[in-house]
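Engineer: Based on what follows, work out the 3D shape:
(chains A and B)
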Number of protein chains: 2
Amino acid sequence: MTSPVRLALLGCGTVGSEVVRLLHEQSADLAARIGAPLEIAGIAVRRVGRDRGDLPVDPAIFTTDPLALIKREDVDVVVEVVGGIEPARSWLVEALRAGKSVVTANKALLAEDGASLHDAAAEGGADLYYEASVAGAIPLLRPLRESLHGDRINRVTGIVNGTTNFILSAMDATGAGFAEALEEATELGYAEADPTADVEGFDAAAKAAILASLAFHTRVTAADVHREGITEVTAADVASAKAMGCTIKLLCIAARGADAAGRETVSVRVHPAMIPLTHPLASVSDAFNAVFVEAEAAGQLMFYGRGAGGAPTASAVLGDVVAVARNRLAGARAASESAYADLAVRPMGEALTRYHISLDVADRPGVLEAVAGVFARHEVSIATVRQGPAGGGPAGRGDAELVIVTHVAPDAALAATVRELRGLEIVRSVASVLRVEGGA
Amino acid sequence: MTSPVRLALLGCGTVGSEVVRLLHEQSADLAARIGAPLEIAGIAVRRVGRDRGDLPVDPAIFTTDPLALIKREDVDVVVEVVGGIEPARSWLVEALRAGKSVVTANKALLAEDGASLHDAAAEGGADLYYEASVAGAIPLLRPLRESLHGDRINRVTGIVNGTTNFILSAMDATGAGFAEALEEATELGYAEADPTADVEGFDAAAKAAILASLAFHTRVTAADVHREGITEVTAADVASAKAMGCTIKLLCIAARGADAAGRETVSVRVHPAMIPLTHPLASVSDAFNAVFVEAEAAGQLMFYGRGAGGAPTASAVLGDVVAVARNRLAGARAASESAYADLAVRPMGEALTRYHISLDVADRPGVLEAVAGVFARHEVSIATVRQGPAGGGPAGRGDAELVIVTHVAPDAALAATVRELRGLEIVRSVASVLRVEGGA
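Structural biologist: Take a look at the predicted model:
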C-alpha cells in the first residue's frame, strides 16, 4: 500500500477527540477508500498533560506548538477544530501557503475572513475544505459548490442553529416565553452557559455568510449579514403565528435580487420569521438543522440532519479529510473558490420582506382608515386584515385587535410603517411584529 | 480564456433539450465556474430532420451516428440521456476507454451493468458521473460518494419514484383504490401510458442498486434487489395504515446486516411499507423524492427534492458536466469506483423486517391462542395485538378483526407465518399484510 497521508490535528476538544476516535475505529475502511492509510502525525493542544480518557493515540504526539507541527515536513493535511479568528487564521494561512491542505470546521473564521484562507490556498496550490462549518454532518457545502454548479440558485433558506431551534420548538410546544425556554435548553445542554452567539444570531449569521458565498459565487462576510436574534420573540408572537397556521423559526436567508438599476444583487439576513406549517422547514424541530434551496432548474431541494455535536461534526470533517487525501494522492486539487459573480450585497432596508403586524387599537370608527393610510403613505400593500376584540377575548374596554399581513415590500418601508403606527394616537400598542417567509 | 471543453450529447428528448437550453442560457456563468467555455460539438439523435422547436443550436450539429460523434478528436465529454441498456452501454464503454469523461442519467444501465462502465472508466482514466440517475436534481450521489466517506452508513431508505409516490399520496388523501389513483396519475401526466416500470418497482429497484453500491462500497445490481410494486396495495391497506398512525410509501431500503457466521452483509429491497406519520419520509408527498440516510457518526440525514422532470434532471447532468470539465482542465480525475468492501448481498428471506397483519377471524374463544401459536412456531415475536369487530363495524356475523404487529424477524419467517395463517380454519381471510418500517 502507498505511504500514509499524515494529519496534523489542531485542537482536541469534543470534535477533535471524536475525529481521533473515528480515525482509529474506521482506519481500514478509510485506507481502502483513500488508497493509503491515514496517520495522525501530531495533535496541538493547549495543555499536554490533560487527561484525555482512553483516546486511542500515543500520548507522545501531543504538542503545545501548533506552528512547529504544521511546518513539519511529514505533515500533509492540517485539520483545525479549535475555532475563533486568531490564532487559527495565522496557522491555516501558514499551512495553506506551504501547500498543505486544510480541513476546518471554523465557521467564524470563514465568515469573517474566508478571503485570506482562499487566497492562501490559491497561493500554495492547496485544498481548503470546510463542510463541518455549516450544519454539521449535513452534506451541504459540497452539493452547493459542486452538484448545483450547473444550475442557478435563487434563494437559500436555512435553519442552521440548533440551540435557537430547540428554544423556538419548546416555545411553540409549551407556550413558554423565551427566558423559560432558554433555561430548559441550558439545563438539557442545548444552550451554552453564555448563549449570546446562538440566541443573538451570530452563529447563524456566520453560516449565512458561508452559504451565500457558495450559492452566489460572491464573497460575503459576516459583516454583510443583517442579524436579529430571538431574544425578543414573545409567547404572544408564537400565539399569533399559530393563529396564522404558522410557526416561528430563526431563519438564515440568502436571496438573489436586483438594485434600482437592474443590476443583480444578493441580500443575506438572519432573523426570526413566521413560516407556514405546510413549508418543509416548519417540521424541522428541536436541535435539527435543515437548509432549503430554490434553484432555477432543480426546483426546491432540502437537506436535513443534525447540525451540531461531536460525532456529526467529526463525520463532516472526516469526509473532507478523505477528499483532500485522495486529491493529494492523485496530485489533483479541488475546485478552488468561485467568487467570479462578485454581486453587490444589498442592505437590509432594500431586502423584500413581508410583515405580520398585530396592533391593539381603540375600538372606534375610522381606526382602520387611519391605519391603512399609514401603510399607503409608505407604499406598502396590505394582503389581509383581521379585526377582533383585543387579546382575542370579549371586547368592552374600548380596545380592539387589528392583525395585518402585508404583501412583499422593501424592509425599510415596512419598518418605517411600524414606526409611524407606534406614534398613532389610536394605536394603544404594537403587540407583535414578525416577518413572514415561505409564501404563507 | 482557455480553449473550450467540447461535449457530445447523446439523445435530445425532454432531458437532452433542457440540457441544451440551460447550456445556452447559462453559458457565461458555466464558463466562469469551469474556467473555460462549454461547447456542444454534436448531438446524436435518431432522426435529424425532426422539428425541435427553437432549440438554440446550429441544426448542422445533429447526427444519427453516435459512435462517429464519440470518436471525434474534438469531443472531450460524452453526455448520455438516451436510456436503456443497449446501445447506450457500447457507446459509453467506447467513450470511457478512449479517455473521454462520461455524464449519464441512465439508471437502468448503471444498475444492470455499472461494472462495465466503471471498468472502462478505470481503463481509460476517465471520469464517470451519474448524479441524475437517482432522484433527479437532488444532490445525493456526490454526498454519498464523497461527503460521507469518512463515516459508516448503516441504512439508506428512500422514496425514489415520483409516479408511485403520487399514486400512494392520492390513495391516502382520497381513499381511492390503486386503479383509480393510477388513472388520475396518468391523466395528470405523472404516470406513463405503460406504467409497469414505475408501479412494479423496476425503476426504484435500479435506483436502490445504485444507492446501495455507493453506500456500502459494494457492487450491487438490479438483480440483487428484492422487488415488490404497489399494484396490490388496496384501499383497505391504506385505511389500516391510517388506523396505525402511518402512511404507505414505496420504499427502497439498503441496509447493513450480518449473516449467521457474523460476516457483514447488505440487503437491498423495494416494497411498499407502512411508516409512521412522524417519520421525516412520511410527509414527502406527490411526485417529490427523498432519501433518508442513517450513518454511524452523522446520525440521521435527509435529502429532499424533485426526482424527475426535464429541468431538474438537466440540472443534475450539468452539475456533473461542470465537475468533469473542471477535472479535465486540472488534468485530474475524480475518485473512481469504490467497491472494496464487496459485501455479500443477503436474500430477502434473511432481511429483518416487521409485518402488520390484519385478519378476519371467527369470533369465538381460542382464536387468539391459535393465531399466536402460528407466530410462535415460526419464532416470530408479536409486538401488539388489537381485537375488534370485523371491518371496524358492529360485530354479529360471528366474525372479528385481529390486527397484529410483529417485532423484527427474518422476512422468510414472517412470510411463512402468513402462509400458515391463511390455511387456518378460523381465519376467514387475511385482509392486509404490509411491512412496517421507520420504527413505528
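
Engineer: pLDDT on stretch A:124-132, on average?
Structural biologist: On average, the pLDDT along stretch A:124-132 is 95.

Engineer: If you could redo that for stretch A:324-341, that was the one I meant.
Structural biologist: Mean per-residue pLDDT for stretch A:324-341: 87.

Engineer: Any idea how far apart the tips of that stretch sit?
Structural biologist: Stretch A:324-341 has an end-to-end distance of 26 Å (Cα to Cα, to the nearest Å).

Engineer: List the buried residues in it.
Structural biologist: Buried positions in stretch A:324-341, judged by neighbour count with 16 or more other Cβ atoms under 10 Å in any protein chain shown: A:324-330, A:332-339. Yep, even glycine has a C-beta here, placed from its N, CA and C like the rest.

Engineer: what does stretch A:94-105 give?
Structural biologist: Across stretch A:94-105, burial judged by 16+ other Cβ under 10 Å covers A:94-98, A:100-105.

Engineer: C-alpha coordinates for it, PDB please?
Structural biologist: Output of stretch A:94-105 as PDB, limited to C-alpha atoms (Å, rounded to 0.1, in the frame of the first residue of the first chain):
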ATOM      1  CA  GLU A  94       0.700  29.300   7.100                       C
ATOM      2  CA  ALA A  95      -0.300  25.700   6.300                       C
ATOM      3  CA  LEU A  96      -2.100  26.600   3.000                       C
ATOM      4  CA  ARG A  97       0.800  28.800   1.800                       C
ATOM      5  CA  ALA A  98       3.100  25.800   2.400                       C
ATOM      6  CA  GLY A  99       0.900  23.700   0.200                       C
ATOM      7  CA  LYS A 100      -0.700  21.700   3.000                       C
ATOM      8  CA  SER A 101      -4.400  21.000   2.500                       C
ATOM      9  CA  VAL A 102      -6.700  22.300   5.200                       C
ATOM     10  CA  VAL A 103      -9.900  20.900   6.600                       C
ATOM     11  CA  THR A 104     -11.600  23.200   9.100                       C
ATOM     12  CA  ALA A 105     -14.900  23.400  11.000                       C
END
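
Engineer: Please determine whether it lies in contact with chain B.
Structural biologist: No. For stretch A:94-105 and chain B, the contact criterion (Cβ under 8 Å from any Cβ of the partner chain) is not met; the two come no nearer than 9.7 Å.

Engineer: what does that stretch rub up against?
Structural biologist: A:8, A:15, A:67, A:70-71, A:75-81, A:83, A:88, A:92, A:110, A:117, A:120-121, A:123-130, A:132-133, A:313, A:316-317, A:320-321, A:324, A:327-328 (Cβ atoms under 8 Å, 6 or more residues apart in numbering or on different chains).

Engineer: So how do I select the buried members of those in ChimeraX?
Structural biologist: In ChimeraX, this line selects whichever of the contacts of stretch A:94-105 come out buried by 16+ other Cβ under 10 Å:
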select /A:8,15,70,75,76,77,78,79,80,81,83,88,92,110,117,120,121,124,126,127,128,129,130,132,133,313,316,317,320,321,324,327,328
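
Engineer: ok, back up a step: tell me which two of the buried residues of stretch A:324-341 sit farthest apart.
Structural biologist: Largest separation among the buried residues of stretch A:324-341 by Cβ to Cβ: A:329 and A:339, giving 28.0 Å.

Engineer: Can you add secondary structure, pLDDT and distance to residue B:357 and give the buried residues of stretch A:94-105 back as a markdown table?
Structural biologist: A markdown table is the format used below for these (DSSP: H, G, I helix; E, B strand; the rest coil; pLDDT from 0 to 100; distance: Cβ to Cβ, whole Å):
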| residue | secondary structure | pLDDT | distance to residue B:357 |
| --- | --- | --- | --- |
| A:94 | helix | 97 | 65 |
| A:95 | helix | 98 | 60 |
| A:96 | helix | 97 | 61 |
| A:97 | helix | 97 | 66 |
| A:98 | coil | 97 | 65 |
| A:100 | coil | 97 | 60 |
| A:101 | strand | 97 | 55 |
| A:102 | strand | 98 | 56 |
| A:103 | strand | 98 | 50 |
| A:104 | strand | 97 | 52 |
| A:105 | coil | 95 | 48 |
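
Engineer: Lovely, talk soon.
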